[in-house]
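1. Build the 3D model from these lines:
(2 chains)
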Amino acid sequence: MEDLLTVKDLKTWFPIKSGVIQRTVGHVKAVDGISFTVHKGETFGLVGESGSGKTTVARTILRLIEPTKGEIYFDGINVTKAKGRKLRKLRRRMQIIFQDPYASLDPRQTVNSMLIEAMKVHGITQSRSEAHEKALKLLNKVGLSEEHLYRFPHEFSGGQRQRIAVARALTVNPDFLILDEPTSFLDVSVQASVLNLLKDLQKDFNLTYLFISHNLAVVHHMSNRVAVMYLGKFVEVADKDIIYNSPKHPYTYHLMAAIPVPDPEFQKEEVLLTGDVPSPVDIPPGCRFHPRCPYATDKCKSKEPLLTEKDGHWVACHYDVDFKSGEIRT
Amino acid sequence: MREEKTILEVKDLRVNFHTYRGEVKALNGVDLKLYKREILGLVGESGCGKSVTALTVLGLLPDNAHIIGGEILFKKEDLLKKSREDKRILRANELATVFQDPLTYLNPVLKIETQLMEVFMLNEKLLKQAAIAKKTHSKNVTFDDLLSWKKELANESSDIKVSKAEIKNMAKHLCIDLLKLVKLPDPERILREYPFELSGGMRQRIMIAMALARRPSIFIADEITTAVDVTIQAQILHLMRELRDKIDASTIMVTHDLSVAAEIADRIAVMYGGNVVEAAPTVDIFRNPLHPYTTMLMRSIPNVKKPVETLKSIPGTVPEMINPPSGCRFHPRCPFAMDKCRKKRPKLIKAVEKHEVACYLIGG
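-> Residues are numbered from 1 along each chain as shown, chains lettered A, B, ... in the order given. Model (predicted):
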């Protein structure tokens, strides 16, 4: 499979400034060295608890935040070094859908002008009538109709707004869409229709998705491959069925066991993780999961495990733990 | 399910809100029963009235709300007829609540100790009894003992003098005991800390502890796992299950997440557009949902254990409550809607044993 996006050792640190002369006294290590590739046409899911750095990854890929270190290649082009016109060209191909459709749409613009503006900026269409036609076509595609074209965002429900945001992203013919919690603001009954829409659009427009969510069931439904993030690093990357059914990393295992199942008759194993996610300012030494890990040894406290691959299954753990028996193999 | 004794009964409750845009008809005749010692999951989407129902029971509705009709029976008395002060006393002794965002409900400038002790100090009589018991039996009084004393005070002779300091010590001792009960590590340290020093999950546990301190008979948990991460959510749900066996309280668990309700509730009541549309024991409602909305809602949520290619979505959107649809409020989105549904709202009736539903398709 062809790679569309390659991220190499990406780090995004935010300085903490303090004192009169605003000296940097530390860093929030939101993203602390991650590498991955996204194949053309797939949906790459990114899960993690709040504060694990998921959104920072998304924003750094789009250069909405400058990376501290590392490289990002999109279709062979170095995103981190791109400037001016080249960057703008890249931005046309990479679009993002934000979480909150109440904040991401300009309240003073009609749907029509919103959709046409993006096309104008990127020179997608030659004439106004052509742009109008395309806007209408996309609006139909996302399940809205012509009557909605001249309305303002406040006249729409959350689900409809998210559809408009999707239509707006599609006006510039992107190859790659970052979906940052696209349904977490929506009601459950509406969420399903937006997820179905995104799946349909992916087929129709040959899109590649980076799907970010804290809702593990939704990520499972949408993705081909899934990466699990913890405190700015990936702990495990693999096909979704492997991640959800036979995870190798203790964190993934506990995370998966914590998913509530909408079936009261499902017999769940009761495995609980103790404690909370530590602060990304003050990352524990060694394996950053060790303070919460029930299998941690002395080695985990001092040496950080690297993300290593076996048959397309990447795990960052010193050990191979059998979660059923609790046996720890090296 | 435990004993089938009704502890709380909401009958045909109607609540409107005055807003500048018009009258919001938030509750449109809610019928709800809470049995003794059960966990009832009150499930619905935003704006369906689940929180308003909880707030009405607590008597905490904002000023622009108006109770149009109905009654809430608790211990054979109508809560809606009670005075403000009576309701306050009820909230202190019988009805405890935990809300979604603990940071909003904890005082940011007071230590946890001050806030938690205050709850105990409100019932000085009880503390005195506990201190006396400690003195006479020279045994450590735990929070569990207080629970077993129920609401009546232990009949110890009260001629034994107890000093203020002893009472205070007792309160602190009970605080520590309580924090242990909600599985907080290092309770002595936590008592000395301020809310901002604790994580979201810990704060939520403090809130649960505060609610338990009053030894309530009804515990209302409003979206308590919504603001926390999934691993913390699992911890809190686990704690709630454990506590249910320890405390003698009935719980109303308000949540928008059917999966959470499936994990913890004995019984589930599904709300839509200001009505309870279906109520049944959890297993029954998942095995055999009767209301079209419940059925469709269950098909629209992804299940990790039973993946499907496409989810079945419910067409349309959640109704607007200023001009709600006539008759059954679900009819514009219902594939089975009949003429009757547009005209008159179906009543919540018993369809099968223990299974109530409000739909013309099933009887009525």
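2. Only C-alpha atoms from now on, for both contacts and neighbour counts.
-> Noted.
3. what residues does the stretch 51-200 of chain A put near chain B?
-> Contacts of the stretch 51-200 of chain A with chain B, taken as C-alpha under 8 Å from any C-alpha of the partner chain, map to A:157, A:187-193, A:196.
4. Measure how buried residue 112 is and give me the count.
-> In the absence of a named chain, this looks at chain A. For A:N112, the neighbour count with other C-alpha atoms under 10 Å in any protein chain shown is 20.
5. try chain B instead
-> The local packing of B:I112 (other C-alpha under 10 Å) involves 23 other residues.
6. Could you find the closest non-adjacent residue to it?
-> B:L191 (5.0 Å; C-alpha to C-alpha, 6 or more residues apart in numbering or on different chains).
7. contacting residues around stretch B:99-116?
-> B:172, B:175, B:190-196, B:200, B:203-204, B:207, B:210, B:221-227 (C-alpha atoms under 8 Å, 6 or more residues apart in numbering or on different chains).
8. List only those of the residues you listed flagged as buried.
-> The neighbour-count test (16 or more other C-alpha atoms under 10 Å in any protein chain shown) marks B:172, B:175, B:190-191, B:193-195, B:200, B:203-204, B:207, B:210, B:221-227 as buried among these.
9. before we move on, back to that, chain A versus the residue nearest to B:I112, what's the distance?
-> 18 Å (C-alpha to the nearest C-alpha, to the nearest Å).
10. Contact residues of chain B facing chain A?
-> Residues of chain B that fall close to chain A, judged by C-alpha under 8 Å from any C-alpha: B:45-46, B:199, B:201, B:229-235, B:258-263, B:282-283, B:286, B:297-298, B:300-305, B:307-317.
11. Put the buried members of those into a PyMOL selection.
-> Restricted to buried positions by 16+ other C-alpha under 10 Å, the PyMOL selection for these reads:
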select buried, chain B and resi 45+46+199+201+229+230+231+232+233+234+235+258+259+260+261+262+263+282+283+286+297+298+300+301+302+303+304+310+311+312+313+314+317
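12. ok, is stretch A:218-228 in contact with chain B or not?
-> Yes: Stretch A:218-228 reaches chain B (C-alpha under 8 Å from any C-alpha) through A:218, A:220-221.
13. Same list (these) but as CSV, adding pLDDT, secondary structure and neighbour count.
-> Converted to CSV, the residues of stretch A:218-228 next to chain B look like this (pLDDT from 0 to 100; DSSP: H, G, I helix; E, B strand; the rest coil; neighbours: other C-alpha atoms under 10 Å in any protein chain shown):
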residue, pLDDT, secondary structure, neighbour count
A:V218, 94, helix, 23
A:H220, 94, helix, 22
A:H221, 94, helix, 22
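14. Pull the distance from stretch B:227-242 to the chain's centre.
-> The chain centre lies 15 Å from the centre of stretch B:227-242; the measure is C-alpha atoms, centre = their mean, to the nearest Å.
15. Next, the contact list for whatever residue of the stretch 151-300 of chain A ends up closest to chain B, please.
-> Nearest to chain B in the stretch 151-300 of chain A, going by C-alpha to the nearest C-alpha, is A:P262, at a distance of 3.9 Å. By C-alpha under 8 Å, 6+ apart, the residues touching A:P262 are B:258-263, B:298, B:303.
16. let's see it at 10 Å
-> A:P262 makes contact with B:257-263, B:286, B:298, B:301-306, according to C-alpha atoms under 10 Å, 6 or more residues apart in numbering or on different chains.
17. taking those one by one, which sit in helices?
-> In this view, the contacts of A:P262 that belong to helices under DSSP state H are B:258-263, B:286, B:298.
18. A:K69 is in contact with A:F14, isn't it?
-> No: if you go by C-alpha atoms under 10 Å, A:K69 and A:F14 don't touch, sitting 11.9 Å apart.
19. Can you check which residues contact both of those two?
-> Common contacts of A:K69 and A:F14 (C-alpha under 10 Å, 6+ apart): A:V31.
20. Tell me, how many residues neighbour B:A351?
-> 17.
21. likewise A:K17?
-> 13.
22. do you know how far A:K248 is from A:L307?
-> Distance of A:K248 to A:L307, computed by C-alpha to C-alpha, to the nearest Å: 12 Å.
23. Between those two, which has more neighbouring residues?
-> Neighbour count, other C-alpha under 10 Å: between A:K248 and A:L307, A:K248 has more, with 23 against 18.
24. list the contacts for B:K11?
-> B:29-33, B:69-73.
25. partner residues bridging B:R267?
-> Bridge pairing for B:R267 (DSSP bridges) gives the partners B:L40, B:P281.
26. how about the strands in the chain?
-> I went with chain A, as the question did not name one. A:3-18, A:23-39, A:43-47, A:69-74, A:77-78, A:94-97, A:176-180, A:208-212, A:225-230, A:233-239, A:308-310, A:313-315, A:320-322, A:327-329 (DSSP state E).
27. not what I meant, chain B
-> B:6-19, B:22-35, B:39-43, B:65-74, B:77-78, B:95-98, B:218-222, B:250-255, B:267-272, B:275-281, B:349-352, B:355-357.
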